[in-house]
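Chemist: build me a model from this:
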Amino acid sequence: MSLTQIIFILTALVMLFAAIGVVTVRKMLHAALWLILTLFCVAVIFVLLEAPFFGVVQVVVYIGAIATLIIFAVMLTRRMMFDESSPFNRQTIIAAVTSMVLFAVIVFTLYLWVGFNAPAQELASQPDTIRQLGISLVSPNGFLIPFEVASILLLAAMIGAIYVGREHKS
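Modeler: Coordinates of the predicted model:
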């Protein structure tokens, strides 16, 4: 095993443990901290895949902005910060069984896929990859429509959050 493979396995184990921590801890603030660790592990995976730009974007955007926003939101709602309710309910077993069945279907599908076991090809190191990414995001023949649909969905979510968050006068 190479050093890269060892780092990947350790990062994947930490990421799995942290992701489980996100959904199983009782305090929302602790869940947000586990989320930060999970997102940092994703950034490490990006760096291992020789995509340092995406690793930096992961840290700056997701950890630096979104996770910090979640922590501030949790801390501003003191009632939620000290909520000690159990994350488990009667649907936990159904969700766990469904997750395991879906995981088995994914593994079986990947096992049957011929191209899955093909050797990985070496990525060509091109200095213009970020430029090509930007062009493909705004090109009419590229990902312009999905990019704009995502921005409209985020705008709708923001408007919905403002509507739900404001005090209604009765």
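Chemist: domain ranges for the chain?
Modeler: Domain ranges of the chain: 1-87, 127-170, per automatic domain parsing.
Chemist: could those be laid out in TSV, adding mean pLDDT and mean neighbour count?
Modeler: (Each C-beta comes from the backbone N, C-alpha and C, glycine too.) Shown next, in TSV, are these (pLDDT from 0 to 100; neighbours: other C-beta atoms under 10 Å):
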stretch	mean pLDDT	mean neighbour count
domain 1-87	84	14
domain 127-170	76	10
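Chemist: distance to V101 added to those, as a markdown table?
Modeler: Shown next, in a markdown table, are the domains of the chain (distance: least, C-beta to C-beta, whole Å):
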| stretch | distance to V101 |
| --- | --- |
| domain 1-87 | 18 |
| domain 127-170 | 29 |
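Chemist: from L154, how far out is the most centrally placed residue in the chain?
Modeler: Centroid-nearest residue in the chain: L39, 6.3 Å away (criterion: C-alpha atoms, centre = their mean). From L39 across to L154, the span is 18 Å (C-beta to C-beta, to the nearest Å).
Chemist: and for K27?
Modeler: Distance, K27 to L154, by C-beta to C-beta: 28 Å.
Chemist: give the helix, strand or coil label for G142.
Modeler: In three-state terms, and counting by DSSP: H, G, I helix; E, B strand; the rest coil, G142 is coil.
Chemist: is it true that it touches I135?
Modeler: Yes: using C-beta atoms under 8 Å, G142 is in contact with I135, at 7.1 Å.
Chemist: just the helices in this structure please.
Modeler: With DSSP state H as the definition, the chain shows helices at residue ranges 3-24, 28-48, 52-57, 68-76, 78-81, 92-112, 129-138, 144-165.
Chemist: which elements pack onto the second one?
Modeler: So the one you mean is helix 28-48. helix 3-24, helix 52-57, helix 68-76, helix 78-81 (3 or more C-beta pairs under 8 Å, 6 or more residues apart in numbering; DSSP states H and E).
Chemist: equivalent analysis for the first one, please.
Modeler: Packed against helix 3-24 by the contact rule (3+ C-beta pairs under 8 Å, 6+ apart) you find helix 28-48.
Chemist: how about residues contacting the helix it packs on?
Modeler: 4, 7-8, 11-12, 14-15, 18-19, 21-23, 25, 52, 54-56, 58-59, 62-63, 67, 70-71, 74-75, 80-81, 83 (C-beta atoms under 8 Å, 6 or more residues apart in numbering).
Chemist: lovely, talk soon.
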